[in-house]
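Asker: Any chance you can model this:
(chains A and B)
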Amino acid sequence: MTSTDTAAVPTGRAAADALGRVTAELSGALGAEQVITDRQRLRTYECDGLAQYKVVPGLVVLARDADDVAAAVGACARHGVPFVARGSGTGLSGGALPQAEGVLIVMSQMRQIREIDAANQRAVVDPGVINLALTRETTPDGYYFAPDPSSQSVCSIGGNVAENSGGAHCLKYGFTTNHVTGLDLVTPAGEHVEIGGKAPDPPGYDLLGALVGSEGTLGIVTEVTVRLTRLPQEVQTVLAGFRSTDDAGAATSAIIAAGVIPAAIEMMDALSIEAAEKAVACGYPAGAGAVLVVEVDGAAADVAGELAEVLRHCEANGAFETRIAADDVERALIWKGRKSAFAAVGRISPDYIVQDGVIPRTALPQVLRQIADLAAERGVRVANVFHAGDGNLHPLVLFDDAEEGAAERAEEVAGGILELCIANGGSITGEHGVGSDKARYMPKMFTEEDLDTMQAVRCAFDPDNISNPGKVFPTPRLCGERPGRRQGAHPLQEAGLAEVF
Amino acid sequence: MAARTGAAAAHQGDARAAGLDLTALARSLDGAGEVREAGPDDVVDGVPAAAVARPTTVEGVSAVLREATAQGMVTVARGAGTALTWGCPPERADLLLDTTGLDRLVEHEAGDLVVVAEAGLALRDLQEHVGRAGQELVADVPRERLEGGSTVGGALATGASGPRRLQRLALRDLVLGTTVVLADGTVATSGGKVVKNVAGYDLAKLMTGSFGTLGVVVRAAFRLHPVRPDRAFVLRTGPLEEVADLARAVVASQLAPAAVELDRPAGSDEASLAVLLEGTGDAVAARAADTAALVGGAVGEEPSWWGRLPGGDSLAKATATLVGVKDLLLAARAAEQAHGAAVALRGSAVGVLHAGVTAPGAGALAGVVAGLRAAAPSPREGTVTVLTVPAELREGLDVWGPVGGLDLMRSIKERLDPGRNLAPGRFVGGI
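Answerer: This is a model prediction of the structure:
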């Protein structure tokens, strides 16, 4: 791991002392029940949804409101102590991995829906509000919150904002960044700033665009104003069985080429179907080498036409069975197989890595073949589940940790898949984020100048590098530096503080 | 060097007097473009430039910016120049960086619904190219700008907005990645060319609407949409409040309109509502009929004002909540009466409109802007920013209004353009 220290942040004994001062200050200011120092209780927070990275936080603060957040961040800023915000802890990139000499600020107690303003198609929520809870609360008014990550029943909207979460339906409806119109931010200096609101296009630089998806490195969001989306008049869900992923991929391309933008097109390959079948008995077509789940929604008249197109292209590309969900129960069963896929893999493999990469959709058949070759070469099994419409792959790399060297081989394959994504013009992450897990891949996707420029923006928000340091960027940057071309070795490298990947 | 006109020679004299070395600028391009003295048309909102550089490669942009900044020059990027008077006038404009030499369509993989283009490519040329594959960039840049050759970079820099953002969202939501050149010549890419991507900061959004004050966009990738084969318009004219309520009813309906636009001509107690429905054949006809029934209107032709900016000496952008659009319409009428001005209001019922204002004096204009601003209960529920205004009416005008997060914006500017070499003074808070 790279050291995340900068000149401003104390190290070693000094760091422990600084944390001690923050602990004393916050215990006094917030009360003992909001401040966790007990080692056993701290251990509860040692990882997020990516359990392979574990760090016991130096201190945990349970924030009740924005003032608590500002108090905690302000104390950290005064003493040069790093802080990490954590929502529901469901992230899959180690984005909420704590710091041993830092403060973990837990946002999950801030879970009130402040306002549902259906007339303006907006809701104002605390960051700890669970994604699905907002949809449940707004459905009676005819609305929902469109971003729907698979973890939507447990993940928080603050976490969605940090990660710019997507979901199965983002092909048509966009990601979190397309649905946030306002934020309240506590800056890394501990100051409250209000950005945007219910109206579109706040004047000035698009700070919302910079903040959403910045993985907690630019401050902590304490309130979110989101767009609510009108429930469609009609939804139709199709399950189609194919002999191969090539056929299913060809059907996907044909649907898109025909000008249909389905709400979702999801694909699963034979191995992931097998796993889902064992776990939840979703009744997918027997003998399928791949299935597509395609959903079209909108005004009733249009949905009928689009459904016919979808069926036509599936059949023309070799679907041997197509099923249309007759009602919400059947629709739920079709989705159950897809949404349980990650967990289901646990039935057929003791351990697995969930990868998240993106390729241009047209490269799908080629990349799937390359993944199969890579897996065969290393003797590793890979189950493929993906958002086929937008080329977001979620290969599940299976292994048995009890077997010697298996974990390493699986890691190699997972890493190799990312290299394939980059080589094919894609991205190292479509929705899980860079976090701790993928910082080392950033230089493969971006040049040093690209990363320096992003870090210059980070410095504008967080000059002391205390807001979730060590995430997103492989090499920390001293913010005192002038932006621009660097001569010679990186100053941190020269100072022996950091390695360059 | 080529023969120059008297005016250009005078400018060259200015450049020399200012201590600018145009020969070094030209040399930095190394053949990838040209540098010339500014002519009489090389003016940014009343501020004359000394020189114009027209690089033809990204490397050329980088080299010439590095050299210009090293000389302490102020650079303003210019595409087709259709919105060069938008924003405030820059404090200086030593160098105009003409982006039209970067006009290549880099990549269009139709199956991926993505296009990558250089900044100087005219949007209409981009649309024509992707249109051959039955696709379009759903960025409804105002038509007078589109017709004037508005470029990819210009549309991004000004964050242009148009009718179909209702369904397909704004330009900032369609841009997948940008390559920009910073004042010191650094070439920085963020995002990518896939629709789904969360690797690194989304600087493309930060660049969108930044008026060239952070960097010069040289290349951008956009998400495309399939062109819907059929379209229909539904029209209705009536009293302001009634039409505003009907517009909101259409937005809140399940009729999936592609756009819901309002037009209130200056001096009128009435407004027109136009709803665009896009789709396929009978389905569109059915929705158009339902929409007509909902608003008590009729299916008709595209109105002549569709996608165009309202007329007037000054132009402002006004935002509102869905409900607040009505208050904005009423505020326009009230401001006219209070200040003896003409205030035409036109734009999306989703709450992004343009106001064309003709006011008898600076005080009246300031009064109109303040009146429109007061239509929203708070800046979080609506803002008014003045895009373009005649110089003689600028006195005492609060062009930007309150800006949330201004200190953070200043800090970003300081980090990316520490010497204030890019269009200083053109943006919010004097950035």
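Asker: And the strands in the stretch 301-450 of chain A, which stretches?
Answerer: A:321-324, A:351-354, A:357-358, A:381-387, A:392-399 (DSSP state E, counting those that start in this stretch).
Asker: Now do the closest residue to chain A within the stretch 101-250 of chain B against A:T177, distance only.
Answerer: Taking Cβ to the nearest Cβ, chain A has its nearest neighbour within the stretch 101-250 of chain B at B:K205, 2.5 Å off. Any C-beta I mention is one placed from the backbone N, CA and C, and that applies to glycine too. Using Cβ to Cβ, to the nearest Å, we find B:K205 at a distance of 7 Å from A:T177.
Asker: Give me the common contacts of these two.
Answerer: A:208-209 (Cβ atoms under 8 Å, 6 or more residues apart in numbering or on different chains).
Asker: higher neighbour count, those two?
Answerer: Neighbour count, other Cβ atoms under 10 Å in any protein chain shown: between B:K205 and A:T177, B:K205 has more, with 28 against 24.
Asker: On the three-state scheme, that one is what?
Answerer: Under DSSP: H, G, I helix; E, B strand; the rest coil, B:K205 falls in the helix class.
Asker: so it sits right up against A:G213, yeah?
Answerer: No. Assessed by Cβ atoms under 8 Å, B:K205 is found out of contact with A:G213, at 9.4 Å.
Asker: Spit out the residues that contact these two alike.
Answerer: Shared contacts of B:K205 and A:G213, counting by Cβ under 8 Å, 6+ apart, come down to A:T177.
Asker: Can you get me a residue count around A:G94?
Answerer: So A:G94, with other Cβ under 10 Å, has 25 neighbours.
Asker: From chain B, how far off is the nearest residue to it once chain neighbours are set aside?
Answerer: Excluding the flanking residues, the one nearest A:G94 by Cβ to Cβ, 6 or more residues apart in numbering or on different chains is A:S436, at 3.4 Å. Using Cβ to the nearest Cβ, to the nearest Å, one gets 14 Å for the distance from A:S436 to chain B.
Asker: How is chain A divided into domains?
Answerer: Domains of chain A are assigned by the TED database as A:15-106, A:113-230, A:232-346, A:349-432.
Asker: Now do the same contact list for B:T99.
Answerer: B:61, B:77-79, B:118-120, B:151, B:153-154, B:216, B:218.
Asker: if we go to 10 Å?
Answerer: B:53-55, B:61, B:77-80, B:118-121, B:151-154, B:157, B:212, B:216-218 (Cβ atoms under 10 Å, 6 or more residues apart in numbering or on different chains).
Asker: B:R236 now?
Answerer: So B:R236 contacts B:242-243, B:246-247, B:250, B:271-275, B:291-292, B:294-298, B:300 (Cβ under 10 Å, 6+ apart).
Asker: Check A:P395 too.
Answerer: Here A:P395 is in contact with A:269, A:272, A:352-357, A:367-368, A:371, A:374-375, A:382-386, A:413-414, A:417-418, A:420 (Cβ under 10 Å, 6+ apart).
Asker: coming back round to it: so which of the contacts of B:R236 sit within strands?
Answerer: B:271-275, B:298, B:300 (DSSP state E).
Asker: Pairing partners for B:S272 in the sheet, please.
Answerer: Beta bridges link B:S272 to B:T237, B:D263 when assigned by DSSP bridges.
Asker: tell me the phi and psi of A:A263?
Answerer: phi -60, psi -30 (degrees, to the nearest 10).
Asker: quick one: it and A:E295 touch, right?
Answerer: Yes. A:A263 is within contact range of A:E295, at 4.6 Å (criterion: Cβ atoms under 10 Å).
Asker: Mind listing the shared neighbours of those two?
Answerer: Here A:A263 and A:E295 have A:168-169, A:171-172, A:232, A:235-237, A:303 as joint contacts, going by Cβ under 10 Å, 6+ apart.
Asker: Show me just the buried residues among these.
Answerer: A:168-169, A:171-172, A:232, A:236-237, A:303 (16 or more other Cβ atoms under 10 Å in any protein chain shown).
Asker: which among the contacts of B:T99 are in contact with chain A?
Answerer: Among the contacts of B:T99, not one lies near chain A by Cβ under 10 Å from any Cβ of the partner chain.
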